[in-house]
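any chance you could fold what I've pasted below:
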Amino acid sequence: MSENVCAAEARRHELDRTEQARAARLRRDDDADRFLVAHVCLRALLGERLGAAPGRLLIEREPCAGCGGPHGRPYLPGRPVHFSLSHAGDLVLVALAAPVPIGVDVEPERDASLIGDTVDALHDVERAELLGLPARARGAAFARCWARKEAALKSAGTGLVGGASQPYVGSGLVPAQPDGHHVLDLPAPPATLPPWRCTSAENPSHGPGRNLPT
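Numbers count the residues shown, from 1 in each chain. Predicted coordinates for the structure are as follows:
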């Protein structure tokens, strides 16, 4: 990401007033740079897909699934494309999809000692899976599970409003496929430190998942 900051700065004018205001509120330079690169990249990809000028795209927000406020899942009114964005550390992940909603997330692998009580927020089976692992393997498994969880909840349009216990996505090497979702682990860029876990989840709502705990 860092090598793209200058190019993104030159395209800051393509962001709308809300995006520019959000960037200005970020106090840490690296947070502001990450936000700028991510949102300029998102608009560039959407503009390319739709044949439109990035700065002319109107991005609005659905009502929040929790409080009904205007800060829910972003969308393009009247446009036949769904999108999702995640950024952390030096990585930015953008996904576009049609005709079904999509969610993506990127998570760093953390030492098991830093996971703490977050494990308790997960599905009972996921928590048992993680706590049954040796400490040296728990960080990678937790990152897999949390990236899958966030991606699935983004694709559903709810985010973490209702907590992280559902849906069950698993912490093993192969993601579970909960009802109405298709979850796919993505390869992380090579030679990144710490290691990262990237996940995409589509929400086609095309039928029941396969043998999943509830």
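
now L46. Its backbone dihedrals?
Here is the backbone geometry of L46 (degrees, to the nearest 10): phi -60, psi -40.

that one contacts F83, correct?
Yes - between L46 and F83 a contact is recorded at 6.4 Å, counting by Cβ atoms under 8 Å. Placement of C-beta: from N, CA and C, glycine included.

neighbour count winner among those two?
F83 (24 against 19; other Cβ atoms under 10 Å).

would you agree the more buried one falls within a helix?
No - applying DSSP: H, G, I helix; E, B strand; the rest coil, one finds F83 to be strand, outside a helix.

between L46 and F83, which contacts overlap?
With contacts defined as Cβ atoms under 8 Å, 6 or more residues apart in numbering, the residues adjacent to both L46 and F83 are 76, 96.

A65 and G163 touch, don't they?
No - using Cβ under 8 Å, A65 is not in contact with G163, being 11.8 Å away.

who has more neighbours, those two?
For the pair A65 and G163, the greater number of neighbours falls to A65 (16 against 11), based on other Cβ under 10 Å.

so the closest residue to the more buried one other than its chain neighbours versus D16, what's the distance?
Ranked by Cβ to Cβ, 6 or more residues apart in numbering and with sequence neighbours excluded, the top spatial neighbour of A65 is T158, at 4.3 Å. Plainly put, T158 is 24 Å away from D16 if you go by Cβ to Cβ, to the nearest Å.

try L45
Counting by Cβ to Cβ, the gap from L45 to D16 is 16 Å.

show me where pLDDT drops low in this protein?
The model of the chain has pLDDT under 70 over residues 1-2, 191-194, 205-214.

again, only this time at 80
When the per-residue scores of the chain are filtered using pLDDT under 80, the ranges that remain are 1-3, 189-195, 204-214.

strands of that one, residue ranges please.
Using DSSP state E, the strands of the chain run over 60-61, 74-75, 82-88, 91-97, 102-108, 182-186, 196-202.

off-centre distance for the second one?
When C-alpha coordinates are averaged (Cα atoms, centre = their mean, to the nearest Å), strand 74-75 and its chain have centres 13 Å apart.

sheet-wise, list the partners of that strand with their directions.
strand 60-61 (antiparallel) (DSSP bridges).

what about the closest residue to E150 other than its chain neighbours, how many residues nearby?
By the measure of Cβ to Cβ, 6+ apart, the closest residue to E150 outside its immediate chain neighbours is D105, 3.7 Å from it. Applying other Cβ under 10 Å, we find 25 residues neighbouring D105.

so who does D105 touch?
For D105, the residues meeting the contact criterion (Cβ under 8 Å, 6+ apart) are 86, 93, 146-151, 154, 198-199.

list the beta-bridge partners for it.
Taking DSSP bridges, one obtains T199 as the residues bridged to D105.

for the residue of the chain positioned farthest from its centre, give me its contacts.
The outermost residue of the chain, judged by C-alpha distance from the chain's mean C-alpha position using Cα atoms, centre = their mean, is P134 at 27.3 Å. By Cβ under 8 Å, 6+ apart, P134 lies in contact with nothing.
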